[in-house]
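Visitor: Give me a model of this one.
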Amino acid sequence: MSTPTLAVLVPLLPFLGAVAGLLFGRTAPGFVRPLAILPTLGAAVLAVLVAVRQGGGPAISTATELTPTGSVPIDLSLYIDGFAALVAILVGVVATCVQLYSTAYLREDPRYPSYAALVSLFTSAMLLVVYSGDLMVLLVGWEVMGICSYFLVGHYWETEAARSASLKAFLVTKLGDVPFLIGLFALATDAGSFQITKILGTVATGGLDHPTLIALLLLAGVAGKSAQFPLHTWLPDAMAGPTPVSALIHAATMVAAGVYFIARLLPVFAASRAALVIMAVMAAVTMIGSALAALAQDDIKRVLAYSTVGQLGYMTGALAVGDRSAAVFHLLSHGAFKALLFLGAGVIIHAAGTNSLAAMSRMDGLSKRIPDAFWTMTLALLALAAIPPFAGFFSKEAVLVAAEQTATGHSEFAPGGAGWVVLVAGVLTALLTAAYATRLWLMAFRGRGAAAPDHGKEPLAMTGVLWLLAIPTVGFGLAAGPLADWFDGRALTPTVVTSVLGTGAAVVGVMLTYALWQRATVKAAAGAAVGVPASVAAAESAAETPEVAEVTHDHPAVPAGSAPDPGKALLGPLHRHAADGFHLDAVYDRLFVRPVRASAGLVRFLDREVVDTYVRGAGTGTRLLGSLVRRAQTGNVQSYLSALLAGAVVLAIATAVLANVNAGS
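Guide: As a prediction, the model looks like this:
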């Protein structure tokens, strides 16, 4: 079987699984789990075969005209380079892990059949984006992912949080998709084609007439899809969906699509140095702002959500300095350890019966109660904090190396200012990332409170997936050398300068957070020893957490309380603002939501009180005239004859008078 044929089957298999699941999920429940797992697993295996055949060599490109358009043609085409081959493997492996994990996590959920089918459709749409060689076909996968995220985030639609989160995710991403679509049309108009190969050829010859405008329009869509400032606010709220969905969205689909799109069309963005500078600033603000927000969150999934926003900022920063190899390398590395973190959080939720980080910090014995989640999440948090030799260290170093080379003038691809912006923000974010990763580990696994409830051993389908994802979390960074051919032949090796800066910042973040947590814990213990309630002692050390607990599935909620929180001590006065995402939702509410609602109220008033008044008046006048005419219809023949005779007399008199007037003149 030829490589293009195998590549076509990669997105087709999960699509067929999704269709079959939607059609037969309820009538044949025994087939639901095989239809969820086997097509996705088959797609992952075929993606590996396609990558082996591609081998990091010349891109595999094939196209056939989909339909005559009369202007810019639309082609059903494939364009598989080394980046596409590797990203497709990531999507297939993570989606398979999520489907397998979900069989246990949602085993009691009555809507599991539709959930599994939507996950398969989600996977198929992302694979279409990865392999597509035509931007219009890519747009189909792009939009299908949007609608799948709407349904999956709103899976628990009985709750207000899930309904609001799904609607917010849909609307915010669509807000970015409008300029994105305009940018695609403008790009195709300049290039005369939607095919990626022809577009890149046009860019190489300087054929783009409006490079800055096109790049900024496309960047707006990417900011929405990949949750970059200022369109990132939907992603933390999307945690209202099932945890496996969060793992899929954050690790391999949806948010990865925007970064991958820029990497695939990087020459288009590089044609405008202004666009690269704007991208660098956007990445820097996203990295630092999301890391600060993560330090102030109480919900374990919201911490991980803001972490994803920040790591995507690293990828965008690498693209802003013209290094798509570093960006995609970090995309792959991040996909492995972030999927592990979310699925590990799901094991905690499943075991503890709560979705609140504050509740996690008040539990005791989680590390012994769920050792699989404890050890694998520890590895993943080390990778997130970029501690060597874990995967996150190598991929984050690749980003910092690219920024350092641009800042010092060793790269002519992007302005030196963009390199400095990304480098400084990247080092500061490395410190903050290590801080919130340490805080999460301490509060989730070293908290002091009620013993974790024992619901028995966690299912093998959940814990086994954690250990499977732990393999690339630990070792993928070491594969950068052998995989160099897939990354444009570039060596993604750390340098001494960036290693010292990045690792030093991470170590400082770890040690500072641990010291503050230890001090707060000792102070709380001392307060308890002299009869001061622990919650009061914790509050005095600026570490009291809100009393929040949430019931998930059939598990009871853990009683609320408080525990030492080093995030408050680290952030100080910023904590309140960071916990609320720096009030961006409130800003958007005042700038956009309220004016739109006021305009809608004005339109409604004009429609009801002005337009409807004229409409009602026309009807009322006609009705009154009809009632007057109806009174004349008595049904009495003598009355009709009398009226006819009177009318004839009046006409005769009027005629005579007119005749006399005419004769006299």
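
Visitor: C-alpha only now, for contacts and for neighbours.
Guide: Noted.

Visitor: Name the next helix or strand downstream of the lowest-mean-pLDDT helix or strand in the chain, please.
Guide: When the helices and strands of the chain are scored by mean pLDDT, DSSP states H and E, helix 534-540 comes last with a mean of 46. Downstream of helix 534-540, the first helix or strand assigned by DSSP states H and E is helix 566-571.

Visitor: so how far is that next one from its chain's centroid?
Guide: 27 Å (CA atoms, centre = their mean, to the nearest Å).

Visitor: and the helix or strand just after it, what other elements does it pack with?
Guide: Going down the chain from helix 566-571, the next helix or strand is helix 574-579, by DSSP H and E. Helices and strands touching helix 574-579, as assessed by 3 or more CA pairs under 8 Å, 6 or more residues apart in numbering; DSSP states H and E, comprise helix 273-295.

Visitor: buried sites along the helix it packs on?
Guide: 273-277, 279-295 (16 or more other CA atoms under 10 Å).

Visitor: can you give me the offset of that helix from its chain's centre?
Guide: Centroid separation between helix 273-295 and its chain, computed with CA atoms, centre = their mean, is 16 Å.

Visitor: What mean pLDDT does that helix get?
Guide: What helix 273-295 shows for mean pLDDT is 96.

Visitor: Pretty sure residue 62 sits against residue 77.
Guide: Yes: here residue 62 reaches residue 77: they are 5.5 Å apart, a contact under CA atoms under 8 Å.

Visitor: Now do the same contact list for residue 465.
Guide: Contact analysis of residue 465 by CA atoms under 8 Å, 6 or more residues apart in numbering lists 97, 100, 101.

Visitor: swap the cut-off to 6 Å and go again
Guide: With contacts defined as CA atoms under 6 Å, 6 or more residues apart in numbering, residue 465 is in contact with residue 97.

Visitor: so where does it fall, helix or strand?
Guide: helix 460-475.

Visitor: Would you mind listing the buried residues in that helix?
Guide: Using 16+ other CA under 10 Å as the burial criterion, the residues of helix 460-475 that qualify are 461, 462, 463, 464, 465, 466, 467, 469, 470, 472, 473, 474.

Visitor: Correct me if wrong, but residue 410 is in a helix.
Guide: No: counting by DSSP: H, G, I helix; E, B strand; the rest coil, residue 410 is not found in a helix; it is coil.

Visitor: picking up where we left off before, quick one: average pLDDT of the helix holding residue 465?
Guide: Mean predicted confidence for helix 460-475 is 94.

Visitor: do stretch 500-515 as well
Guide: 95.

Visitor: Check stretch 654-665 too.
Guide: The average pLDDT within stretch 654-665 is 82.

Visitor: Residues contacting it, please?
Guide: For stretch 654-665, contacts defined as CA under 6 Å, 6+ apart pick out no residues.

Visitor: circling back: quick one: which two of the buried residues of helix 460-475 are the most distant?
Guide: Taking CA to CA as the measure, the buried residues of helix 460-475 span a maximum distance of 20.8 Å, between 461 and 474.

Visitor: I'd assumed residue 79 was in a helix, is it?
Guide: No: using three-state DSSP, the assignment for residue 79 is strand, not a helix.

Visitor: list the contacts for it?
Guide: Residue 79 is in contact with 60, 61, 131, 132, 133, counting by CA under 6 Å, 6+ apart.

Visitor: closest to residue 89 among those residues?
Guide: Distance to residue 89 across those (CA to CA) is lowest for residue 131, with 11.4 Å.

Visitor: And the strands in the stretch 51-200 of the chain?
Guide: Taking DSSP state E, counting those that start in this stretch as the criterion, the stretch 51-200 of the chain contains strands spanning 60-67, 74-80.

Visitor: In TSV: the ones you listed, plus distance to residue 146 and mean pLDDT.
Guide: Formatted as TSV, the strands of the stretch 51-200 of the chain follow (distance: least, CA to CA, whole Å; pLDDT from 0 to 100):
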stretch	distance to residue 146	mean pLDDT
strand 60-67	23	83
strand 74-80	21	89
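
Visitor: any idea which of those strands is most buried?
Guide: Per residue and on average, the most neighbours among the strands of the stretch 51-200 of the chain fall to strand 74-80, with a mean of 22 (mean count of other CA atoms under 10 Å).

Visitor: between that one and strand 60-67, how big is the angle?
Guide: Angular relation of strand 74-80 and strand 60-67 on a 0 to 180 degree scale: 170 degrees, by axes from the mean of the first three to the mean of the last three CA atoms, to 10 degrees.

Visitor: from the middle of its chain, how far away would strand 74-80 be?
Guide: Distance, centroid of strand 74-80 to centroid of chain: 25 Å (CA atoms, centre = their mean).

Visitor: what does stretch 289-304 give?
Guide: The answer for stretch 289-304 is 15 Å, by CA atoms, centre = their mean.

Visitor: same check, this time on stretch 510-518
Guide: 31 Å.

Visitor: quick one: buried residues of it?
Guide: Using 16+ other CA under 10 Å as the test for burial, stretch 510-518 gives 510, 512, 513, 514, 516, 517, 518.

Visitor: One more: stretch 616-626?
Guide: Applying 16+ other CA under 10 Å to stretch 616-626 flags no residue as buried.

Visitor: Please state the offset of it from the chain centre?
Guide: On the basis of CA atoms, centre = their mean, stretch 616-626 sits 56 Å off its chain's mean C-alpha point.

Visitor: repeat for stretch 314-326
Guide: When distances are taken as CA atoms, centre = their mean, stretch 314-326 is centred 19 Å away from the chain's centroid.

Visitor: How about residues contacting that stretch?
Guide: Residues external to stretch 314-326 that are found in contact with it (CA under 6 Å, 6+ apart): 263, 276, 279-280, 283, 327, 398-399, 413-414, 419, 422, 487.

Visitor: what bits of the chain have low per-residue confidence?
Guide: 352-365, 447-456, 527-563, 665 (pLDDT under 70).

Visitor: Name the residue closest to the centre of this structure, please.
Guide: Of all residues in the chain, the one closest to the mean position by CA atoms, centre = their mean is residue 255, 4.5 Å from it.

Visitor: if I look at it, how far off is residue 267?
Guide: The gap separating residue 255 from residue 267 is 21 Å, by CA to CA, to the nearest Å.

Visitor: Show me what counts as buried in stretch 326-339.
Guide: Within stretch 326-339, the residues that count as buried by 16+ other CA under 10 Å are 326-339.

Visitor: Inside strands: which ones of the residues you listed?
Guide: Judged by DSSP state E, the buried residues of stretch 326-339 include no members of strands.

Visitor: For stretch 437-447, could you pull out the residues that count as buried?
Guide: For stretch 437-447, the neighbour count (16+ other CA under 10 Å) marks 437, 438, 439, 440, 441, 442, 443, 444, 445, 446, 447 as buried.

Visitor: Sorry, wrong one. I was asking about stretch 191-211.
Guide: For stretch 191-211, the buried set under the neighbour-count rule, 16+ other CA under 10 Å, comprises 191-196, 198-200, 202-203, 208, 211.

Visitor: same question, stretch 4-17
Guide: Under the neighbour-count criterion of 16+ other CA under 10 Å, stretch 4-17 has 4, 6-17 buried.

Visitor: got it, and stretch 92-99?
Guide: Judged by neighbour count using 16+ other CA under 10 Å, the buried positions of stretch 92-99 are 92, 93, 94, 95, 96, 97, 98, 99.

Visitor: One more: stretch 573-586?
Guide: For stretch 573-586, by 16+ other CA under 10 Å, it's 575, 576, 578, 579, 581, 582.

Visitor: Likewise for stretch 370-380?
Guide: Here stretch 370-380 shows 370, 372, 373, 374, 375, 376, 377, 378, 379, 380 as buried, counting by 16+ other CA under 10 Å.
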